[in-house]
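Novice: With the sequence up front, the predicted model follows.
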Amino acid sequence: MAKVSKKRKEALAKFDLTEVRSLQDAAKVVKEITYTKFDASVDIDVRLGVDPRKADQMVRGVATLPHGTGKTVRVLALVTPDKEAEATAAGADYVGLDDYIAKIEKGWTDIDVIITMPAVMAKVGRLGRVLGPRGLMPNPKSGTVTTDVAKAVQEVKAGKIDFKVDKTGIIHTSVGKVSFDEQKLAENAFELIQTLQRLKPSSAKGTYIKSITLSSTMSPGVPVDTAVTSAK
């Protein structure tokens with residue numbers, strides 16, 4: 001560990017971490033100051049000028065990252081028997097209904113996303129106390145309750161992410177892995193920022209995007225220019 005620490009110190013000494021950068025420059029710095037033995041996630045934190053306690057200022061949505069997240073997303077499709085074949089063909093890892101509902105009721109949550117259909121939401125709804133705290137509850141707004149199950153599964157597998165502002169006004173999500181080149185990381189981050197701009201609540205006053213920071217699992221945050229207009 002001491003060796004890693006030394007490398008990290010050397011990397012940090014090369015950069016002014018208070019300097020505000022373009023998305024691509026920030027991604028480059030994050031890659032250079034990350035010394036993990038695993039392929040760390042690259043995360044973005046966007047502080048918004050909203051009050052999440054007010055329903056009309058809750059920012060939630062989905063973005064499809066052009067280069068995916070680099071993560072293997074485990075998808076459970078809770079569907080009626082007539083939809084099982086298409087969910088499986090679309091790439092769902094687990095497909096079924098009553099048997100998986102019973103497993104979840106007993107505490108099984110070894111999945112990343114659950115996709116279901118309106119016709120079975122009455123059954124799925126009772127799983128709220130297990131799924132809600134883990135952020136796994138399907139929601140029509142995030143596209144995880146839909147009649148087009150196959151399309152939803154494909155989109156999630158391809159890099160569609162679901163995000164929601166936390167109680168402190170911050171959106172925190174992953175935009176890739178350290179192994180991605182900086183251009184791909186920047187393009188993924190830019191897609192999220194553009195999506196957030198489109199979701200700006202009309203009731204939000206003052207500065208909407210207050211700060212943007214890129215970091216990896218094991219790195220300090222690198223500030224990004226909030227007036228970002230491209231992935232460059």
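Specialist: Arrived safely.
Novice: What mean pLDDT does the longest helix along the chain get?
Specialist: Longest helix of the chain, by residue count under DSSP state H: helix 182-198. For helix 182-198, the mean per-residue pLDDT is 96.
Novice: Same check on stretch 113-125?
Specialist: Taken as a whole, stretch 113-125 has a mean pLDDT of 95.
Novice: Check stretch 215-232 too.
Specialist: Stretch 215-232 shows a mean pLDDT of 86.
Novice: counting contacts, what elements does the longest helix of the chain pack onto?
Specialist: For helix 182-198, the elements it packs on are helix 23-33, strand 41-48, strand 60-64, strand 170-177, strand 209-216, judged by 3 or more C-beta pairs under 8 Å, 6 or more residues apart in numbering; DSSP states H and E. C-betas here are computed from N, CA, C, even on glycine.
Novice: May I see the buried residues of that helix?
Specialist: The neighbour-count check on helix 182-198 (16 or more other C-beta atoms under 10 Å) flags 182, 184-193, 195-196 as buried.
Novice: repeat for stretch 61-71
Specialist: 61, 62, 63, 64, 65, 67, 68, 69, 70.
Novice: Residue 58 is in contact with residue 203, correct?
Specialist: No: using C-beta atoms under 8 Å, residue 203 makes no contact with residue 58, being 10.4 Å away.
Novice: who wins for proximity to residue 138 among the helices and strands packed on helix 182-198?
Specialist: Closest to residue 138 of the helices and strands packed on helix 182-198 is strand 60-64 (C-beta to C-beta; 12.6 Å).
Novice: Tell me what angle the closest one forms with helix 182-198.
Specialist: With axes from the mean of the first three to the mean of the last three C-alpha atoms, to 10 degrees applied, the angle from strand 60-64 to helix 182-198 works out at 150 degrees.
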